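[1] structural data only, the sequence is not supplied:
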């Protein structure tokens, strides 16, 4: 079954509200990442939970065992067991992504991606995040930096719908367009 963003968001929202009530929002975020990583690493695990003939009680027990081995909190363990029993482990990555979005929103954070011709130093990435933060009205920007060897120089930053093209490729394209228009 294909993971639905709506299903992932509803599960994430319910978990986020419970985590907030128990003052465990950050803890659950880290634990969800660990669980998702475990599922991503083990295709046999995903295959087991995808089998429709395996009883939901068996899936619940297996999920509880996995959570116990990962040493996650009771809330995360019970949540994973519920997701498994409901046959929704195929939505786990979507749930984790939706939870991360809710967590970021609550913290006034936005995530973005910057592609650059050469790897950015920590100081450069921090300075760029600061400038993007000011452009977005003070939200804290968390940037994932990726070196893109296809860029001639500069960078391209994407944060939500904001696109900042400071690349040599972009500058050349804009110059070409101005020259073509006369």
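    It's in. Just so you know, these numbers come straight off a predicted model, no measurement behind them. Numbers count the residues shown, from 1 in each chain.
[2] might you report the residue contacts of the most centrally placed residue in the chain?
    The geometric centre of the chain, computed from its C-alpha atoms, lies nearest to residue 97 (Cα atoms, centre = their mean), at 4.3 Å. Taking Cβ atoms under 8 Å, 6 or more residues apart in numbering, we find residue 97 in contact with 8, 12. Bear in mind the C-beta positions are built from the backbone N, C-alpha and C, glycine included.
[3] going forward, begin numbering at 31 instead of 1
    In the new count, where the first residue is 31, that last one comes out as residue 127.
[4] ranges for the helices of this protein?
    In chain order, the chain shows helices spanning 35-51, 55-71, 73-80, 86-99, 104-115, 122-137, 152-165, 198-211, with DSSP state H as the criterion.
[5] give the buried residues for the third one.
    Neighbour counts over helix 73-80 (16 or more other Cβ atoms under 10 Å) mark 75, 79 as buried.
[6] kindly report the same for the second one.
    Residues of helix 55-71 classed as buried by neighbour count (16+ other Cβ under 10 Å): 55, 58-59, 61-62, 65-66, 68-69.
[7] tally of neighbours for residue 97?
    One way to gauge burial is a neighbour count; for residue 97, by other Cβ atoms under 10 Å, it gives 23.
[8] re the thing from before, need the helices of the chain in a markdown table (columns: mean pLDDT and distance to residue 181).
    A markdown table is the format used below for the helices of the chain (pLDDT from 0 to 100; distance: least, Cβ to Cβ, whole Å):
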| stretch | mean pLDDT | distance to residue 181 |
| --- | --- | --- |
| helix 35-51 | 93 | 31 |
| helix 55-71 | 94 | 29 |
| helix 73-80 | 92 | 34 |
| helix 86-99 | 94 | 41 |
| helix 104-115 | 95 | 40 |
| helix 122-137 | 92 | 27 |
| helix 152-165 | 89 | 15 |
| helix 198-211 | 85 | 6 |
